[in-house]
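In: Only the shape, not the letters, is given here:
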């Protein structure tokens, strides 16, 4: 298990770098389309500069942005002593700095971890989770999130949120520029290869439409396998498979799993899909989470 954890940490660091490179290429492509449409390489430079600047800012403060977006508030020991104590105790067992503990006021049973590295990480739980899980089950969930922190899943997942957001924003602006009729003057277009110009503009329109889907694919790149591994590491950390198994059972039976503040950009952060459960094939295919029953089955086979 320890060897697998170290391998996963290294893979996540490599995947984070590849994700950034892929992001730069996509941004450069969108910027090139802008440049062609407006007949100015300055536009390309501006698009790339703004995108990279935003990505750097978001990367360094992305966890704060996510917590604020989801309405999370820092837990206090007077009201959430059991939660904070469990986080601190399991952090010692995991050999990492104790993450900050946050609360979301919501009846749904859910939790997530975020941050760019263990020393700046945090674990957030809904009030529904804290109210309906016993200590053994809560420790199973916290240990699951602690695994995401220790193996740097949190960095990759946060990058997915930030970069998908940038790509969607730029693609939306590009699409609007087509709809508003912006672009080269017709006389200028005639001086260039007209057919080629049409192809480039058509390609740009397709890219503008597909970019949000590319953003979704980036989020899907946050492999479902990470959830299976985090479940297994939860057992290794607590030495108690019953905790996480019982917690997942309660989460799967939650009659109202919708986390009101969640959105599609942050859905993959949670331990369970924070939206209404859909059981059709397409929903399962594009889900960022493996089915909970499959996770429970794997845990029972350990």
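Out: Done, it's in. All values reported here derive from a predicted model rather than from experimental measurement.

In: all helices of the stretch 101-250 of the chain, in order?
Out: 127-132, 135-150, 153-179, 186-191, 194-220, 225-238, 241-252 (DSSP state H, counting those that start in this stretch).

In: what's the least confident stretch among these?
Out: Ranked by mean pLDDT, those bottom out at helix 186-191, which scores a mean of 47.

In: which parts of stretch 23-38 are buried?
Out: For stretch 23-38, the neighbour count (16 or more other Cβ atoms under 10 Å) marks 23, 26-27, 30-37 as buried. C-beta coordinates here come from the backbone N, C-alpha and C atoms, glycine included.

In: Secondary structure, pLDDT and distance to residue 249 added to those residues, as TSV?
Out: Shown next, in TSV, are the buried residues of stretch 23-38 (DSSP: H, G, I helix; E, B strand; the rest coil; pLDDT from 0 to 100; distance: Cβ to Cβ, whole Å):
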residue	secondary structure	pLDDT	distance to residue 249
23	helix	72	38
26	helix	74	40
27	helix	73	43
30	helix	73	45
31	helix	74	49
32	helix	75	51
33	helix	74	49
34	helix	71	51
35	helix	74	54
36	helix	72	55
37	helix	69	54
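
In: from those, which single one is nearest residue 143?
Out: residue 23 (31.5 Å; Cβ to Cβ).

In: Could you verify that residue 290 is part of a strand?
Out: No - counting by DSSP: H, G, I helix; E, B strand; the rest coil, one finds residue 290 to be coil, located in no strand.

In: Just give me the neighbour total for it.
Out: A count of neighbours around residue 290, defined by other Cβ atoms under 10 Å, yields 17.

In: now residue 125: how far from residue 69?
Out: Separation of residue 125 from residue 69 (Cβ to Cβ, to the nearest Å): 17 Å.

In: The two: which is more packed in?
Out: residue 125 (28 against 14).

In: which residues touch the closest residue to residue 129 other than its chain neighbours?
Out: Nearest residue to residue 129, sequence neighbours excluded (Cβ to Cβ, 6 or more residues apart in numbering): residue 109, at 4.7 Å. Residue 109 makes contact with 126, 128-129, 132-133, 250-251, 254, 257, 272, according to Cβ atoms under 8 Å, 6 or more residues apart in numbering.

In: for residue 45, same thing?
Out: Counting by Cβ under 8 Å, 6+ apart, residue 45 has contacts residue 31.

In: is it true that it lies in a helix?
Out: Yes - applying three-state DSSP, one finds residue 45 inside a helix.

In: on that earlier part again, show me how to select, in PyMOL, the buried members of the contacts of residue 109.
Out: To isolate the buried members of the contacts of residue 109 in PyMOL, using 16+ other Cβ under 10 Å:
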select buried, resi 126+128+129+132+133+251+254+257+272
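
In: Export the contacts of residue 109 as JSON lines, with columns for distance to residue 292.
Out: Converted to JSON lines, the contacts of residue 109 look like this (distance: Cβ to Cβ, whole Å):
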{"residue": "126", "distance to residue 292": "16"}
{"residue": "128", "distance to residue 292": "16"}
{"residue": "129", "distance to residue 292": "14"}
{"residue": "132", "distance to residue 292": "15"}
{"residue": "133", "distance to residue 292": "15"}
{"residue": "250", "distance to residue 292": "10"}
{"residue": "251", "distance to residue 292": "7"}
{"residue": "254", "distance to residue 292": "10"}
{"residue": "257", "distance to residue 292": "10"}
{"residue": "272", "distance to residue 292": "6"}
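
In: Quick check: the two most widely separated of the contacts of residue 109?
Out: Maximum distance among the contacts of residue 109 (Cβ to Cβ): 14.3 Å, for 133 and 257.

In: can you tell me the helix or strand for residue 90?
Out: helix 77-94 (DSSP states H and E).

In: Pull out the buried positions in that helix.
Out: 80, 83-84, 86-87, 90-91, 94.

In: wait, residue 159 sits on residue 59?
Out: Yes - Residue 159 lies in contact with residue 59 (Cβ atoms under 8 Å); the separation is 6.9 Å.

In: Who has more neighbours out of the two?
Out: Regarding residue 159 and residue 59, a neighbour count based on other Cβ under 10 Å identifies residue 159 as having more, with 23 against 17.
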